[in-house]
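Trainee: turn this into a structure:
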Amino acid sequence: MKRVVVTGVGLVTPLCVGRERTWSRLLAGETGLGRIRGFDASRLPSRVAAEVPKADEIGVGEDRGLAEDELFHAGEVLGTTVEEARKTPNFISYALAAAREALADANWEPRTEEQCQSSGVSIGVGMTSLAYVVDAAKQIDSSPAGYRRVSPYFIPRALPNLAAGHVSIKHKLQGPSLCPTTACAAGAHAIGDGIRMIQTGSAKVMVVGGSEAAIDELGVVGFSRLRALSSSFNDDPQKASRPFDVRRDGFVMGEGSGVMVLEELEHAKKRSARVYAEVAGIGMSSDAHHITSPVPDGSGALRAMRIALENANCQASDIGYINAHATSTPLGDRAENSAIQQLFPQTTLVSSTKGAIGHLLGAAGAVEAAFTILAISNGVVPPTVNLEEPDEEFLMDYVAHKSRPTIVQHAMSNSFGFGGTNVSLLFRQFVR
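Mentor: Below is the predicted model:
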C-alpha cells in the first residue's frame, strides 16, 4: 500500500472562518455556541446552535470578537453576485471555502491534464438542508400550477454530492468524485475513501472532508423530537454542549466544513510539500443494534478502534491523544467512554472538541480529524470545554477547560453515526 500524508487543511467552523484562527480560538477554550439566529426558535424546546459567523448577520462579528475577514462571505467564496450566491446552499459554499483554503495551504492547484486526472475529491454530507424541501412543498401547494414556482435549482441545491461536484468543477479535479452520506460519520468516511483511492493507485491527490448546513427549523424540530438536542441551557447557550459532563443533556447542532488535502507520499516529496501528518490506519464497524442508539457497552466503537490499531500496526499504548466523537448525549458519551477505557491506558489524553463547536453532523468527522492532525503537528491537545464534573465512571484524562502542550506521535479521531456506523482514523507524526 502506498503511504498517504496530509499536506493541506481548510476549516469553516462556528468559531470562525479559517484554519489558523479557528485553531487558536479552540486552544483558548472559546466556543461558537449561541442562540439560534437563522430563524425564530422561541417556541422550540432547543434554541441553541453553533452557526458559522456570517457577514450578513448583524452583530455576530462583534459578539464573538471576530474581524471582518473571519466571517463567512458567500459571494467572495463563490466569486459571484449576491443573487447567484443565494442560489447556492451553505453546505456547498462552506465546502468550497474550506477546499480553497486547504488547496492553497497545500500549494496544489492541478494544471496539466495528468495532474487534473490524478486529483480527486471526496466530501461527505450527512443531510441536505431541509428548508429547501419545505419551501418547494409550499410552492407546490400554493396553487393548481404551483409546481411551476418550484425553483429549477431545487435538485442541484438538495443533492448531497453537489458539494464534491462544485469543488471538482472549481478546481478541475477529474479523478474520483465521492460523497458518503453516512450521517455523523460521513466526513470521516470521506477521508477513508480518499485514503483508499490513493493507497490503491486510483489517485495521487484527494481533496477530502465533510460539509453540513442543516440548522433550519425542520432540522432542529426533527432532532428535538428524537430528544437528542440539549434543552436545559437555552439561557446560557455557551454551556449547552458539555461532553462527558454529568449535566449533559443532548448535543448542539453545528454547521461548517473541514477539508484536507491527502497525497501519495512520493508525489508530495517530489514537489517538496510540507506535511502535517501521515495516515497510519483506518477502522470501520457497525453496531447492528439500533437506528439511533449505540450499543451500551460501546462494543461497536471498540471494534473500529481495534481495527484501526491493527491496520496501523500500533499498540493502544502508542496513542497519545484521542479526539472523541462524544456529542454530549447521556448514552453516546457513556458508550464511547466505555470502549475507550476497555482499550486504552488512563494516561491517554481524550478530549471532545464538540464542547467548543457543537456537533457538525456530516462535517464533524472531517473537522475533528483536522483538529487531530493539528494536535500532532503543533504539539498541543485541544480541551474539552464545559467539562465541570465527569460522570463518576469516567476515568480518563479529558483535558478539561485548558489545552495541553504535549508531543503527540500517534492520535486517533472517532466518528459514529445513526444506523450504528463507526469510523476510527489514526494519524501519526510524519517520519521520512
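
Trainee: isn't residue 308 up against residue 411?
Mentor: No - the pair residue 308 / residue 411 is not scored as a contact, 11.1 Å apart, by C-beta atoms under 8 Å. Any C-beta I mention is one placed from the backbone N, CA and C, and that applies to glycine too.

Trainee: how about the strands in the stretch 201-350 of the chain?
Mentor: Secondary structure of the stretch 201-350 of the chain, counting by DSSP state E, counting those that start in this stretch: strands at 205-212, 256-264, 277-286, 321-323, 349-351.

Trainee: just name the most buried of those.
Mentor: Most buried of the strands of the stretch 201-350 of the chain, by mean neighbour count (mean count of other C-beta atoms under 10 Å): strand 205-212, with a mean of 34.

Trainee: give the rounded mean pLDDT of that strand.
Mentor: Averaging pLDDT along strand 205-212 gives 98.

Trainee: what's the answer for stretch 39-57, then?
Mentor: Mean predicted confidence for stretch 39-57 is 93.

Trainee: give the buried residues for it.
Mentor: For stretch 39-57, the neighbour count (16 or more other C-beta atoms under 10 Å) marks 41, 44-55 as buried.

Trainee: distance from the chain centre to it, please.
Mentor: With C-alpha atoms, centre = their mean, to the nearest Å as the basis, stretch 39-57 stands 19 Å off its chain's centre.

Trainee: and that stretch, C-alpha only, in PDB?
Mentor: Extracted C-alpha coordinates of stretch 39-57, given in PDB (Å, rounded to 0.1, in the frame of the first residue of the first chain):
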ATOM      1  CA  PHE A  39     -35.000  31.700  12.300                       C
ATOM      2  CA  ASP A  40     -37.300  32.300  15.300                       C
ATOM      3  CA  ALA A  41     -36.800  29.300  17.600                       C
ATOM      4  CA  SER A  42     -38.600  30.800  20.600                       C
ATOM      5  CA  ARG A  43     -41.300  28.100  20.500                       C
ATOM      6  CA  LEU A  44     -38.900  25.100  20.300                       C
ATOM      7  CA  PRO A  45     -37.500  23.100  23.200                       C
ATOM      8  CA  SER A  46     -33.900  23.600  22.000                       C
ATOM      9  CA  ARG A  47     -33.000  27.200  21.000                       C
ATOM     10  CA  VAL A  48     -29.200  26.800  20.800                       C
ATOM     11  CA  ALA A  49     -26.900  26.100  17.900                       C
ATOM     12  CA  ALA A  50     -23.400  26.600  16.700                       C
ATOM     13  CA  GLU A  51     -23.700  28.600  13.500                       C
ATOM     14  CA  VAL A  52     -20.900  29.800  11.200                       C
ATOM     15  CA  PRO A  53     -20.500  33.500  11.800                       C
ATOM     16  CA  LYS A  54     -21.700  35.200   8.600                       C
ATOM     17  CA  ALA A  55     -21.100  38.800   7.400                       C
ATOM     18  CA  ASP A  56     -24.900  39.300   6.800                       C
ATOM     19  CA  GLU A  57     -25.800  38.500  10.400                       C
END
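
Trainee: quick one on the thing from earlier: so between residue 308 and residue 411, which is more surrounded?
Mentor: Using other C-beta atoms under 10 Å as the criterion, residue 308 and residue 411 rank with residue 411 on top: 28 against 24.

Trainee: from memory residue 89 sits against residue 129, does it?
Mentor: Yes - judged on C-beta under 8 Å, residue 89 makes contact with residue 129 at a distance of 5.4 Å.

Trainee: shared neighbours of the two, anything?
Mentor: Common neighbours of residue 89 and residue 129, counting by C-beta atoms under 8 Å, 6 or more residues apart in numbering, are 157, 158, 213.
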